[in-house]
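Q: Build me a structure from this.
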Amino acid sequence: MSPALGWAVTAALVIGAVLAARLLLSTVTVRGGSMTPTLHHGDVLLVLRHRRRARPGRIVVVQRPHRQTGWNGPADPSGAAGWYVKRVVAATGDPVPPWVAGDRPGSVPPGMLVLRGDHPGSEDSKQWGLCPADRMYGVVLLRLRTGGERATA
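A: Numbers count the residues shown, from 1 in each chain. Prediction:
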């Protein structure tokens, strides 16, 4: 292989990796305090965008429920409705906690999630019931930057 061809292959691989990262990764800035003390207003999160099954304990970004229809209305893939950052408490096949609003089957049906904010005052499945998994934007991988609202001890 000639040096020029080697450089071209390397450049193509780098460009491909960058494009794949742009399609799979995104950043989300936390607004509000529903995930305190874990996350704070202004934290910047790296999110793996996908619609695969989320496991309990993982933090996810989901479409904000509509004020009148909750998560029962049509999905808004544009994100115009806004986003929630919440923790998955239960997924397909897990028992539905007694605090979940609305109809509560014995276990979480396929394609649904139970979500909860870490702060007790959070709006989540306590008010909105089960969240369709197709409303999930992605799973939080890590915090890239800390917001400015950390308490000092």
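
Q: What residues of the longest strand anywhere in the chain count as buried?
A: With DSSP state E applied, the strand covering the greatest number of residues in the chain is identified as strand 136-145. Residues of strand 136-145 classed as buried by neighbour count (16 or more other Cβ atoms under 10 Å): 136, 137, 138, 139, 140, 143. Every C-beta, even on glycine, is put in place using the N, C-alpha and C of the backbone.

Q: and the fifth one, what does it touch?
A: The contact partners of residue 140, taken as Cβ atoms under 8 Å, 6 or more residues apart in numbering, are 28, 45, 46, 47, 58, 59, 60, 61, 85.

Q: mind putting those in a markdown table, pLDDT, secondary structure and distance to residue 75 included?
A: A markdown table is the format used below for the contacts of residue 140 (pLDDT from 0 to 100; DSSP: H, G, I helix; E, B strand; the rest coil; distance: Cβ to Cβ, whole Å):
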| residue | pLDDT | secondary structure | distance to residue 75 |
| --- | --- | --- | --- |
| 28 | 91 | strand | 18 |
| 45 | 95 | strand | 22 |
| 46 | 94 | strand | 24 |
| 47 | 94 | strand | 18 |
| 58 | 95 | coil | 20 |
| 59 | 96 | strand | 20 |
| 60 | 96 | strand | 15 |
| 61 | 95 | strand | 14 |
| 85 | 96 | strand | 18 |
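
Q: Which of those ranks first by neighbour count?
A: Counting neighbours by other Cβ atoms under 10 Å, the top entry in these is residue 85, with 26 neighbours.

Q: What segments of this structure are strands?
A: According to DSSP E, the chain carries its strands in the segments 25-29, 44-49, 59-63, 83-90, 112-116, 131-132, 136-145.

Q: so where is this structure shaky, pLDDT-wise?
A: Within the chain, the stretches falling below the threshold (pLDDT under 70) are 1, 5-6, 8-9, 11-14, 16-23, 51-52, 77-79, 148-153.

Q: again, only this time at 50
A: Residues of the chain that meet the criterion pLDDT under 50 lie in 151-153.

Q: Tell me which stretches of it form helices.
A: For the chain, the helices identified by DSSP state H occupy 3-24, 125-128, in order along the chain.

Q: Residue 123: which of the strands of the chain is closest?
A: strand 83-90 (7.7 Å; Cβ to Cβ).
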